[in-house]
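>>> Mind folding the following:
(2 chains)
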Amino acid sequence: DVKVTQSSRYLVKRTGEKVFLECVQDMDHENMFWYRQDPGLGLRLIYFSYDVKMKEKGDIPEGYSVSREKKERFSLILESASTNQTSMYLCASSSRPRGVSYNEQFFGPGTRLTVL
Amino acid sequence: AQTVTQSQPEMSVQEAETVTLSCTYDTSESDYYLFWYKQPPSRQMILVIRQEAYKQQNATENRFSVNFQKAAKSFSLKISDSQLGDAAMYFCAYRRRNSGNTPLVFGKGTRLSVIA
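Down below sits the predicted model:
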């Protein structure tokens, strides 16, 4: 089974702190994604990566950065956390398209971040 | 750009009854994939069912089935014999086939309650 893990289920940080959210997948997937989930807004894509050291901006990249130094690990960084970044953060991974392939995304359990 | 619309923010169903969740999408592509994901309270998001646009036959997974209407760009999810464990957020998602590493496009979700 595909396993996507996130470093913390719950996290509380203070405004201005630098925050690292870690995601690890064990299925050798090329693609990894970071979303934030807010009530009434669904899932919004922050950043994604389709290879080591590669990254692409999603719909709401402002205030975030990412790092992918190894294939299995994708980190989301809040350089200076703000209260409007209080949210649920979901990581996902998928394989690169090969022939007829759904390439569905597999999700981690989520990190609920509160910024005070 | 592709968009996915779930017009029902909340739905409820009696245990053992049938419920249908709506999803429409907007695309100019002819070849794509559609997905329904389930996110139980405080638990991981999982794939429920998927459909390839070029397949006319509606996908079925046990008590879950879809009604895929390509011309109408509609992809509804039917849950039969509803169980308490079906209570969750349900997200409809779209992905263009042969789109490289393009992420999924998600709807905003429908919260399903199951009444005992």
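>>> Ramachandran angles for the most centrally placed residue in chain A?
Nearest to the geometric centre of chain A sits residue A:34, at 2.5 Å (CA atoms, centre = their mean). When read as degrees, to the nearest 10, the backbone of residue A:34 gives phi -120, psi 130.
>>> do the one 5 residues further on as well
The phi and psi torsions at residue A:39 (degrees, to the nearest 10) take the values phi -60, psi 130.
>>> same deal with residue A:85?
Taking degrees, to the nearest 10 as the convention, residue A:85 sits at phi -100, psi 10.
>>> and it, how many neighbours?
Neighbour count of residue A:85, defined by other CB atoms under 10 Å in any protein chain shown: 18. Heads up, the C-betas are built off the backbone N, CA and C, glycines and all.
>>> what's the pLDDT at the residue nearest to the centre of chain A?
Residue A:34 is assigned 97 on the pLDDT scale.
>>> Check the one 3 residues further on too.
The pLDDT attached to residue A:37 in the predicted structure is 94.
>>> what's the answer for residue A:54, then?
Listed pLDDT for residue A:54 reads 90.
>>> Run through the residues that contact it.
By CB atoms under 8 Å, 6 or more residues apart in numbering or on different chains, the residues touching residue A:54 are residue A:68.
>>> for the chain, which spans come out with low pLDDT?
You didn't say which chain, so I picked chain A. When residues are selected by pLDDT under 70, those of chain A lie in A:1-2, A:97-102.
>>> try again with chain B
B:98-101.
>>> Close to chain A: what parts of it are there?
Contact residues, chain B versus chain A (CB under 8 Å from any CB of the partner chain): B:9, B:33, B:35, B:37, B:43-47, B:50, B:52, B:91, B:95, B:98-101, B:103-104, B:106-109.
>>> one more time with 6 Å, if that's ok
Selection of chain B residues close to chain A by CB under 6 Å from any CB of the partner chain yields B:33, B:44, B:45, B:47, B:50, B:101, B:103, B:104, B:106, B:108, B:109.
>>> I figured the residue nearest to the centre of chain A hits residue A:76, correct?
Yes: using CB atoms under 6 Å, residue A:34 is in contact with residue A:76, at 4.7 Å.
>>> quick one, strands of the chain?
If you meant another chain, say so; for now it's chain A. In chain A, the strands defined using DSSP state E lie at A:4-6, A:10-13, A:19-25, A:31-38, A:42-49, A:56-57, A:65-70, A:73-78, A:87-94, A:106-107, A:111-115.
>>> That was the other one, I meant chain B.
Going by DSSP E, chain B shows strands at B:3-5, B:10-14, B:19-21, B:24-26, B:32-39, B:46-52, B:60-61, B:64-69, B:74-79, B:88-96, B:105-106, B:110-115.
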